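>>> missing the sequence, but the structure's below:
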């Protein structure tokens with residue numbers, strides 16, 4: 001994606017639509033306890049620069065403070081998990097599954113694998129971090145050096 005490319009996505013019931021403009025970070029699969037509970041397995045998040053996210057019907061987004069300085073955005077109607085937002089980052093994580101297909105994205109690495117559910121294995125050969133990593137994932141390959 002270039003700085004001018006635009007993609008769209010939304011929630012299950014259609015009450016929330018969003019647009020991302022600019023490059024998207026490759027997908028990070030998060031296996032932390034919170035993501036496991038919210039997504040029933042693990043969460044797959046991409047990210048966009050904060051100024052590249054436009055939410056249509058933002059009033060329908062319910063923000064939940066999941067950790068100090070971190071909030072998660074859900075649809076108030078259908079409950080779809082859409083966003084992960086750490087206040088001091090210059091990007092917002094966007095649920096890869098909420099993007100309209102084809103997304104063109106690929107999983108880049110797994111984080112918090114020490115907390116993953118005991119009912120599945122990770123067998124894709126990608127990098128695995130037992131805990132998280134420091135934001136904003138400076139070593140992840142953002143397209144066009146964004």
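It's in. Worth saying up front: this structure is predicted, and the values here are computed from it rather than measured.
>>> Next, name the residue at the spatial heart of this protein.
Nearest to the geometric centre of the chain sits residue 45, at 2.5 Å (Cα atoms, centre = their mean).
>>> which other helices and strands contact the strand or helix carrying residue 44?
Using DSSP states H and E, residue 44 sits within strand 43-49. If you count contacts as 3 or more Cβ pairs under 8 Å, 6 or more residues apart in numbering; DSSP states H and E, strand 43-49 packs onto strand 27-30, strand 81-86, strand 91-95. (C-beta placed from N, C-alpha, C; glycine too.)
>>> how about those strands, which one is nearest residue 13?
strand 81-86 (11.8 Å; Cβ to Cβ).
>>> Tell me the strands beside that closest one, with direction?
Strand 81-86 has its sheet partners listed here by DSSP bridges as strand 70-75 (antiparallel), strand 91-95 (antiparallel).
>>> Only the buried residues of it, if you could.
81-86 (16 or more other Cβ atoms under 10 Å).
>>> ok and that strand relative to strand 43-49, angle-wise?
If you take axes from the mean of the first three to the mean of the last three Cα atoms, to 10 degrees, strand 81-86 sits at 60 degrees to strand 43-49.
>>> in the protein, which ranges drop under the pLDDT threshold?
1-4, 133-146 (pLDDT under 70).
>>> try 90 this time
1-5, 32-41, 88-89, 112, 117, 127-146 (pLDDT under 90).
>>> all strands of it, in order?
6-10, 17-21, 27-30, 43-49, 53-56, 61-67, 70-75, 81-86, 91-95, 107-111, 127-128 (DSSP state E).
>>> what lines up beside the third one in the sheet?
Translated: strand 27-30. Counting by DSSP bridges, strand 27-30 is paired with strand 43-49 (antiparallel), strand 107-111 (parallel).
>>> and if you look at the shortest one?
Neighbouring strands of strand 127-128 in its sheet, by DSSP bridges, are strand 107-111 (parallel).
>>> Pull out the buried positions in the strand it pairs with.
Here strand 107-111 shows 108-111 as buried, counting by 16+ other Cβ under 10 Å.
>>> Not counting its own residues, what contacts it?
25-32, 42, 44, 122, 124, 126-129, 131-133, 140-141 (Cβ atoms under 8 Å, 6 or more residues apart in numbering).
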